[in-house]
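>>> Generate a structure from the sequence data that follows.
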Amino acid sequence: MRHIIFKSQKNTMKPIKYIGGFLAATMLSLGTVGCTDLDEKTFDRIDASTYYQDENSVKGALAAIYLSAQYGWLEYFWYLNEFPADQIAWRSWNGSAWGWDEAEKFVLSSQTWNSESKIIRDAWEHAWQTIALCNLFIQNLSQLDPGSIGMTQDAIDNYIAEARTMRAWAFYNNFELWGGALPINTSTGGEVPGSASSNFDEGCKLVYNFIMDELDESNSKLPSEDGSGAVRGRLNQGVNRMLKMRLLLNSEIFIKENHYSECADLCQEIIDGKYGNYSIAGDYRQIFSMGNNACPEIVFAFSEEVGHANVTNCRNTPFLPYNYDEFTGFTCDQGGWNCTMVVPSKDNSGTLVPYAGTANPKSFIFDYGDKLGAPYDRMNDKDIRKQPFHCDAAGNWQGRFFMGAQLNYSTAAPVLADADLQDKPLTYVDQCGTFLNLGRQLETVMSPRWGETNSGFRIINYPIYPASVGYDWRDISEVEFRLAEVYYTLAECRLREGNSAKAKDLVNEVRQRYFPGTSISEIEKPGPGFNAFDADWMLSEWGLEFLNEGRRRRTDLRRFDKFTQGQWWFFGRATEPDRPVPAKRDRKYEWYPLPQSALMVNPGLHQNPNY
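Next comes the predicted model:
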């Protein structure tokens with residue numbers, strides 16, 4: 001199968017290009033302190049009527065909000081949704097000396113964080129910046145005389161609806177992490193509100209209703225996608241309804257109410273095109289390739305552009321080694337982190353292979369019987385995604401993994417590793433352990449604290465084109481909403497009402513694209529480790545379809561009561577010198593704690609239960 005090169009198209013909105021001094025200054029002054037600093041000062045600002053001179057200045061202010069959302073969400077929210085889950089892990093290497101970072105990420109993978117954890121504090125501080133900018137934008141536009149800047153009231157209302165939907169999305173992201181402990185802040189004044197309620201469950205209901213009202217009241221004034229791709233780079237009716245869909249699907253977690261029937265009805269409306277013209281892509285590579293804003297499956301993607309709006313931290317970069325240019329044929333100033341891996345499918349038993357793990361290790365699926373984790377082995381062997389990533393000189397690419405021996409793109413010579421495997425051939429293994437006994441003696445199962453530089457396969461979401469193609473992978477739009485999620489949501493709703501056959505059919509409407517030709521019959525099988533199209537299968541399919549898209553903890557594991565109560569990989573099997581890693585963890589970790597720094601400056605905030 002050859003891949004069609006999708007030529008880059010100008011997205012509707014390239015946020016950075018329109019930012020003016022007014023919004024840029026506001027982002028720095030107002031955004032970072034929105035719900036934390038009780039001593040917040042009133043900053044000198046240009047009067048809104050002075051800044052807003054025409055519609056272009058309105059677009060510029062709105063673009064600043066999009067940019068804030070990109071930078072705030074695509075890194076920290078990815079950490080908090082992927083690392084504590086069963087598919088992606090931040091691992092240390094070189095005897096736990098490299099990548100340890102004072103356990104900043106390891107507390108996520110081991111589910112041992114507390115209110116002092118740095119990543120949680122960073123996420124909280126970034127979380128309110130976008131909300132603060134939305135509040136300011138909505139207030140300013142509400143006070144403007146539309147005629148004075150050559151606009152109509154309808155046009156102003158449409159922009160306000162877009163900002164309200166962005167604010168609802170921001171609150172939804174926060175809601176998934178901190179639940180009913182959140183404040184509801186829609187003002188631009190200096191007063192900082194406390195938690196929505198001192199009662200966590202009541203707070204959940206208040207925040208849930210607030211988000212729902214924001215979405216319902218703004219949807220009709222948003223644009224809808226007509227199939228041309230004109231609004232895939234802006235919040236549109238499809239995004240708005242998918243956010244509502246997520247609220248309904250997860251309502252039992254949020255407010256202890258079942259809304260699966262209502263959720264199913266909404267899913268069907270989205271699929272039927274009521275809120276925009278979308279369809280499932282026949283070739284999954286359309287979703288992630290250059291020019292993906294033309295892909296009919298994408299409902300919304302953040303526009304990316306090297307040197308402008310470019311957020312690469314949590315796409316490919318964390319998985320890449322420092323010398324990834326040697327086996328991709330592409331060189332740029334974006335270095336690899338070499339810190340993140342796909343959760344391994346194999347333990348560390350078997351016969352040692354020099355610099356390449358062991359031969360004949362045991363499988364967490366087939367030998368341990370795990371229903372979670374092991375994403376590579378969880379894929380059907382005939383799934384076209386389950387192969388080494390390669391992109392030829394013409395831009396035709398296939399596969400999603402850096403796996404096995406890595407060879408130089410030009411010469412086919414072995415690519416050499418660093419650190420604990422300095423100058424040895426780099427061979428990625430689907431395992432994690434101290435095979436060199438560096439820092440700790442090798443054990444059969446070890447946590448991501450005890451990896452090596454080649455531990456774990458690496459996933460590539462966005463293709464890295466060789467220089468001959470002329471494309472920079474960092475220009476590919478970052479996908480956030482796509483129609484496949486609607487199909488999977490409807491499938492889960494059908495499964496929960498007892499119709500597993502319909503659930504399978506809906507999943508297979510998406511999944512069939514991974515099994516071309518005679519392999520199509522494989523979609524009639526539930527997949528490795530499963531014997532039925534049941535809840536375990538459904539949760540696994542969620543994980544495979546959205547692998548590394550920043551949503552695994554995002555209520556998927558929680559909705560199936562597997563986030564703290566499920567066992568995968570090292571939980572209940574490995575040992576750590578300074579913390580327990582039991583098969584089942586304390587349920588308090590279902591929610592994140594409010595950071596201690598926020599509680600110290602805002603006595604109106606109420607900490608989440610059991611922290």
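>>> CA only for contacts and neighbour counts going forward, please
OK.
>>> For the closest residue to Asn348 other than its chain neighbours, list the residues it contacts.
Nearest-residue entry for Asn348: Thr444, 4.7 Å, with adjacent residues in sequence omitted and distances by CA to CA, 6 or more residues apart in numbering. For Thr444, the contacting residues are 347-349, by CA atoms under 8 Å, 6 or more residues apart in numbering.
>>> Redo those residues as CSV? Include pLDDT and secondary structure.
CSV is the format used below for the contacts of Thr444 (pLDDT from 0 to 100; DSSP: H, G, I helix; E, B strand; the rest coil):
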residue, pLDDT, secondary structure
Asp347, 98, coil
Asn348, 98, coil
Ser349, 98, coil
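>>> residues contacting Ile287?
Ile287 makes contact with 281, 295, 297-298, 479, according to CA under 8 Å, 6+ apart.
>>> pLDDT value on it, please?
Looking at Ile287, its pLDDT stands at 97.
>>> and it, which of the three is it?
Here Ile287 takes the helix state, with states given by DSSP: H, G, I helix; E, B strand; the rest coil.
>>> related to what we said a few turns ago, now the residue nearest to Asn348: how far from Gly456?
15 Å (CA to CA, to the nearest Å).
>>> repeat for Lys105
Where Gly456 is concerned, Lys105 sits at a distance of 16 Å (CA to CA).
>>> more crowded one of those two?
Counted by other CA atoms under 10 Å, Lys105 and Gly456 do not tie: Gly456 has more neighbours, with 30 against 25.
>>> which residues does that one contact?
Neighbouring residues of Gly456 by CA under 8 Å, 6+ apart: 341-344, 428-432.
>>> Adding distance to Met245, write those out as CSV.
What follows is the contacts of Gly456, written out as CSV (distance: CA to CA, whole Å):
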residue, distance to Met245
Met341, 31
Val342, 29
Val343, 29
Pro344, 32
Tyr428, 39
Val429, 38
Asp430, 35
Gln431, 37
Cys432, 37
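>>> What about Asn140? Give its phi and psi, please.
Asn140 adopts backbone torsions of phi -60, psi -50, taken as degrees, to the nearest 10.
>>> phi, psi of the nearest residue in space to it that is not next to it in sequence?
With sequence-adjacent residues excluded and distances taken as CA to CA, 6+ apart, Asn140 is closest to Ala48, at 6.1 Å. Torsion angles at Ala48 (phi, psi; degrees, to the nearest 10) stand at phi -60, psi -40.
>>> if I look at Ala48, how far off is Ile131?
Ala48 sits at a distance of 18 Å from Ile131 (criterion: CA to CA).
>>> now Val207
In this view, Val207 and Ile131 are 14 Å apart by CA to CA.
>>> More neighbours: these two, which one.
Per other CA under 10 Å, whichever of Val207 and Ile131 has more neighbours is Ile131, with 29 against 25.
>>> Among the contacts of Ile287, which ones are in strands?
298, 479 (DSSP state E).
>>> Among the contacts of Ile287, the buried ones, what's the ChimeraX command?
Selection of buried members from the contacts of Ile287 for ChimeraX, criterion 16 or more other CA atoms under 10 Å:
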select :281,295,297,298,479
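>>> and which of the contacts of Ile287 is nearest Val306?
Using CA to CA, Val479 is the member of those that sits closest to Val306, with 16.4 Å.
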